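when you get a sec, could you give me coordinates for this:
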Amino acid sequence: MLIVNLQLNLFLPYAQSLKGRRKIVHSLKERLSRHNLSILDLSGEYVKEADIAIAFLALNQKAVSQKIATIEDILNRYFGEIEYSIDYEII
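This next block holds a predicted model:
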């Protein structure tokens, strides 16, 4: 059993306020939570950036790759205007 700790860094070019950023982050968290992920918003004060921590369990490396591909698919499909980077570690 593998524990995966993933950090998702988002650049939100169209967010104009903290309320706008929260709306985008909440929508993303809602979509991701349907895939059995633990999600925490770590965002700071800057409106155009958001940091999200994601944790999940996987049976093997293949399952980890599939789950990360699912996260990227959701980001590309529903949040195409958002630039992002993903860093993760397997424990």
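
for the chain, which segments count as strands?
2-11, 38-41, 49-58, 83-90 (DSSP state E).

now the ones you listed as JSON lines including distance to residue 28, mean neighbour count and mean pLDDT?
Where you see a C-beta, it was placed from the backbone N, CA and C, and this is true even at glycine. Below are the strands of the chain laid out as JSON lines (distance: least, CB to CB, whole Å; neighbours: other CB atoms under 10 Å; pLDDT from 0 to 100):
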{"stretch": "strand 2-11", "distance to residue 28": "8", "mean neighbour count": "16", "mean pLDDT": "97"}
{"stretch": "strand 38-41", "distance to residue 28": "8", "mean neighbour count": "14", "mean pLDDT": "96"}
{"stretch": "strand 49-58", "distance to residue 28": "7", "mean neighbour count": "17", "mean pLDDT": "97"}
{"stretch": "strand 83-90", "distance to residue 28": "10", "mean neighbour count": "12", "mean pLDDT": "96"}
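
run the angle between the helix ranked longest in the chain and strand 49-58 for me.
The helix that spans the most residues within the chain, counting by DSSP state H, is helix 61-78. Angle of helix 61-78 versus strand 49-58, following axes from the mean of the first three to the mean of the last three CA atoms, to 10 degrees, is 140 degrees.

show residues contacting helix 61-78.
Contact with helix 61-78 is made by 2, 4, 6, 8, 27-28, 31-32, 35, 37, 54, 56, 58, 82, 84, 86, 88, 90, as judged by CB atoms under 8 Å, 6 or more residues apart in numbering.

adding distance to residue 77, write the strands of the chain out as TSV.
What follows is the strands of the chain, written out as TSV (distance: least, CB to CB, whole Å):
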stretch	distance to residue 77
strand 2-11	15
strand 38-41	18
strand 49-58	17
strand 83-90	13
